[in-house]
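Peer 1: Model the following, please.
(2 chains)
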Amino acid sequence: MKNHRKSKSMNALSTPWNTQLRELAKRCQFLQALSLYPQMLRHGDRPNAFTFPFALKSCAALSHPILGGQFHGQIIKVGCIFEPFVQTGLISMYCKGSLVENARKVFDENFHSRKLTVCYNALISGYASNSKCSDAVLLFRQMNEEGIPVNSVTLLGLIPACVSPINLELGSSLHCSTLKYGFDSEVSVVNCFITMYMKCGSVNYAQKLFDEMPVKGLISWNAMVSGYAQNGLATNVLELYRNMDMNGVRPDPITLVGVLSSCANLGAQSVGHAVEFKIQASGFTNNPFLNNALINMYARCGNLTKAQSVFDGMPERTLVSWTAIIGGYGMHGHGEIAVQLFKEMIRSGIEPDGTAFVCVLSACSHAGLTDQGLEYFKMMKRNYRLEPGQEHYSCMVDLLGRAGRLKEAQNLIESMPIKPDGAVWGALLGACKIHKNVELAELAFERVIEHEPENIGYYVLLSNIYSDANNSKGVLRIRIMMKEKKLKKDPGCSYVELKGRVHPFIVGDRNHPQSDEIYRVLEELEAIIMQEFGKPKKDNREESNKDFFTGVGVHSEKLAVAFGLLNTTTGAEVVIIKNLRICEDCHLFFKMVSKIADRQLTVRDATRFHHFRNGSCSCKDYW
DNA sequence: CTAGGGTTAG
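Peer 2: Numbering: from 1, shown residues only, chains lettered A, B, ... in the order given. The predicted structure follows:
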């Protein structure tokens, strides 16, 4: 009987206007939805409690709290503020527009809100997504004290408050208390915890949760894929992707974004290419996220032609698409193209953000466009009101430093309004290596290790600076320091990707099945180089395993190159990745080999890619 | 009210 009465009153509320409004909002056509409202008033129809939730939802989706505020006024006038859907709509709308205070006011001023689970849920989720973690938790506690029932949606809103490592403890205590509520078996809640642990860097916890799930949904798989990708565990991502396939789980665009990002980090172009195929076969071709990920993947794998063609083929390019292509050209030394694209982007009406500036500044730095870079740095603040962060200062120090303007770089650091971090000083240290400035290097090193005492890269860098200056005392001092701090340099690792298989090499490696042939190729190359270019500057080899140029074990880059030459045909691409900066000798070697062999050698310097550091350097299959 | 997504320097 009660139900009957209710549905009757609902029917009175669902006018044709409301139905249409709801349909448009459902289809995410928010602008069209909102345009119905003035039409409705012109027709003399009054809005009611069924109109506003969808109007507010549209304002929330468009992040338009000003328009939402006007609806708030109308709601008061019409007198339907006490409707639960209207209240939650208002709270959520203000939160999505970053006006959490307004949301709180709605909550506080309406006695009814404070008795409804949905209103608590809306505000808790709002606090969490506006990174007001403690407010979210406080409200959750209050909810418990007031005896308001908690449901799974409450948790889905609250858990994202703990997505930073500093909140891990809070997050895991929440996790424990969910057992009490009995929501630990709900897939959505577990998914949410998986993401939380991943974002806190607790990969093992996330994995445990995932493994123990009796029922996994696509989102569970995706949470793992993205989580691994975010934690730099690219090989785990590819493994999981393969498992999905074996379990008959069909990937969606979100899965593929994570997979592509991992391909980019590994330089695994052939897997990336297979993913592109999958995208086309699944009809995801116009997904902007996927296209951005493809641009990034091809660019990082050194295939700028493909990156450009994906970019050109996009129906609409976002700031991220531009950033990816600009960064791609920049990292491969095509600074002029990167700058050209940056200008084009601005001309097309897209405003650069901090990340876009990092890309263009680093592009200038790599291509020696020093003044251009300085100009952009000024422009950031002047034209776009963007405050430069640590990463921008690092780029600038690198830019000035590479150009040999060390004093200016140092002055820039000293003028910084924020305390420079390790990366900024590290950039100066790197510049000191290029320009052989021992004195400044010592200063920079001192500051660097205040911030990153465990980062061996910097110790090695200073040691090499001393070595260049024939300062054996200095070298020894650093070696002792490293020993005292128990820092051990992981061997540099280069690898070549061939037909979906990765072939890694470490210095002096003899483990590869083709090892004999590789060394034979290297010997041949040495002989040719000797003939064509004369004797290399250093030739103090004693054993056959020692490097042609450097006199130590054969560098991993060279082994990778030889392997690449051995297994690819003319014009093929050899991708080399190393976890420390590629040395000058190897650069020289690449140049010579490119001339002799007529191959395109793409060399990638990948300091950040550390997934092979502690692993064994044996071949690993992707598929 | 509600779980998963792209870009950056050294």
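
Peer 1: neighbours around A:Ser58, how many?
Peer 2: 27 (other CB atoms under 10 Å). C-beta here means a position set from N, CA and C on the backbone, and glycine is covered the same way.

Peer 1: Hmm, A:Leu36 and it touching each other?
Peer 2: No. With contacts counted by CB atoms under 8 Å, A:Ser58 stays clear of A:Leu36, the gap being 9.6 Å.

Peer 1: overlap in contacts of the two?
Peer 2: A:Leu24 (CB atoms under 8 Å, 6 or more residues apart in numbering).

Peer 1: Can you report how many residues lie near the closest residue to A:Glu442 other than its chain neighbours?
Peer 2: Spatially, and ignoring its direct neighbours in sequence, A:Glu442 is nearest to A:Leu462 (7.6 Å; CB to CB, 6 or more residues apart in numbering). A:Leu462 has 25 neighbours, counted by other CB under 10 Å.

Peer 1: What helices and strands are in contact with the host helix or strand of A:Leu462?
Peer 2: Assigned by DSSP states H and E, A:Leu462 falls within helix A:456-468. Helix A:456-468 sits against helix A:422-435, helix A:438-451, helix A:472-484, with contacts defined as 3 or more CB pairs under 8 Å, 6 or more residues apart in numbering; DSSP states H and E.

Peer 1: Tell me which of those is the most buried.
Peer 2: helix A:422-435 (a mean of 22; mean count of other CB atoms under 10 Å).

Peer 1: May I have that helix exported as CSV, CA atoms only?
Peer 2: Taking Å, rounded to 0.1, in the frame of the first residue of the first chain, the C-alpha atoms of helix A:422-435 are listed here in CSV:
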residue,chain,number,x,y,z
GLY,A,422,68.5,16.6,-4.3
ALA,A,423,67.6,16.6,-7.9
VAL,A,424,68.4,20.3,-8.3
TRP,A,425,71.9,19.8,-6.8
GLY,A,426,72.2,16.6,-8.7
ALA,A,427,71.7,18.5,-12.0
LEU,A,428,74.5,20.9,-11.0
LEU,A,429,76.7,17.9,-10.2
GLY,A,430,76.0,16.4,-13.6
ALA,A,431,77.0,19.7,-15.2
CYS,A,432,80.2,19.8,-13.2
LYS,A,433,81.1,16.4,-14.7
ILE,A,434,80.7,17.7,-18.3
HIS,A,435,82.7,20.8,-17.6
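
Peer 1: how much does that helix deviate in direction from helix A:456-468?
Peer 2: 20 degrees (axes from the mean of the first three to the mean of the last three CA atoms, to 10 degrees).

Peer 1: neighbouring contacts of helix A:422-435?
Peer 2: Residues from elsewhere that reach helix A:422-435 (CB under 8 Å, 6+ apart): A:390-391, A:393-395, A:397-398, A:400-402, A:404, A:406, A:409-410, A:413, A:416, A:437-438, A:440-441, A:444-445, A:447-448, A:450-452, A:455, A:457-458, A:461-462, A:464-465, A:468, A:581.

Peer 1: I'd guessed A:Gly354 sits against A:Gln390; true?
Peer 2: No. A:Gly354 is beyond contact range of A:Gln390, at 10.7 Å (criterion: CB under 8 Å).

Peer 1: Now for these two: what residues contact both?
Peer 2: By CB under 8 Å, 6+ apart, no residue touches both A:Gly354 and A:Gln390.

Peer 1: Out of the contacts of helix A:422-435, which are close to DNA strand B?
Peer 2: A:Gln390, A:Glu391, A:Ser394, A:Cys395, A:Asp398 (CB under 7 Å from any atom of the strand).

Peer 1: which of the residues you listed count as buried?
Peer 2: A:Glu391, A:Ser394, A:Cys395, A:Asp398 (16 or more other CB atoms under 10 Å).
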